[in-house]
Structures are given as structure tokens and as C-alpha cells.
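1. Sharing a model that was predicted from the sequence below.
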Amino acid sequence: MEFTCWEELKKKYRIIANHHCMICNRYVSHTPDDWLELHERYEYDYENRIQKLVGYVSICHECHMYIHQGLLQIQLSNGDISYEQYE
């Protein structure tokens, strides 16, 4: 996806979320270090190994890091990434 399209999606979802994190509902103040981030939502068909994009959510940095940290821990546990990649 082109950068400009991504920026437009971010702007659209910030408005939809009324500048609140769609996970924890914290108001995000629009300062340079405090912006909502756009995160993709997927559905998974594990049996057929299909990943389907189903939408986006506008979330604060803390919630975004929580999501990705959890994914990294699963990948580390499964041996999909090394400890060096995890750090």
C-alpha cells in the first residue's frame, strides 16, 4: 500500500475512533509523541493457511506494542524466531 493511502486510512480511522484508542478507550491528545496508530485486523484459516485482511483499528502506542509483543512471544515459543530477533 502506498504511503499516502496508508496516511489517509490512519486519518479516517482516527476520526471514526473520535481520537480514542479502540482498545482501551484512552483519549489521545494529538501531540507529536502521542498519536493513534493504525493496526490491521485479520481472520485466519489455519487449516488452509489463509490470512484475510478484515479491517483496521485505530489504537494507542501502548496497546499496539502489547499486541505485537504478544505475537513475538508466540513466535519465540514456536521457534519461528530466535531470541536475538525477539529482542
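-> Arrived safely.
2. Touching, E40 and Y56? I think so.
-> Yes. Contact criterion Cβ atoms under 8 Å: E40 and Y56 qualify, at 5.9 Å. In short, each C-beta sits where N, CA and C put it, glycine included.
3. Who has more neighbours out of those two?
-> With neighbours defined as other Cβ atoms under 10 Å, E40 and Y56 compare such that Y56 has more, 17 against 12.
4. wouldn't that one be in contact with L36 here?
-> No. Using Cβ under 8 Å, Y56 is not in contact with L36, being 10.9 Å away.
5. Tell me the residues that contact both of these two, please.
-> Y13 (Cβ atoms under 8 Å, 6 or more residues apart in numbering).
6. Pull up the per-residue confidence for L72.
-> Here, the pLDDT recorded for L72 equals 69.
7. hmm, I was thinking of I81
-> So, for I81, pLDDT stands at 67.
8. Next: K52.
-> 96.
9. Relative to E8, how far out is it?
-> 22 Å (Cβ to Cβ, to the nearest Å).
10. Next: R49.
-> 31 Å.
11. Same check on Y66?
-> In terms of Cβ to Cβ, Y66 sits 26 Å off from E8.
12. neighbours of L9, just the number please.
-> Quick note: L9 (other Cβ under 10 Å) scores 15 neighbours.
13. wait, I67
-> By other Cβ under 10 Å, neighbour count at I67 equals 13.
14. which element is the closest residue in space to Y83 that isn't next to it in sequence on?
-> Leaving aside its chain neighbours, Y83 sits nearest to L76 (6.7 Å; criterion: Cβ to Cβ, 6 or more residues apart in numbering). Using DSSP states H and E, L76 sits within helix 61-77.
15. Distance from that helix to the middle of the chain?
-> 10 Å (Cα atoms, centre = their mean, to the nearest Å).
16. repeat for stretch 43-55
-> 16 Å.
17. go on, stretch 23-30?
-> 14 Å.
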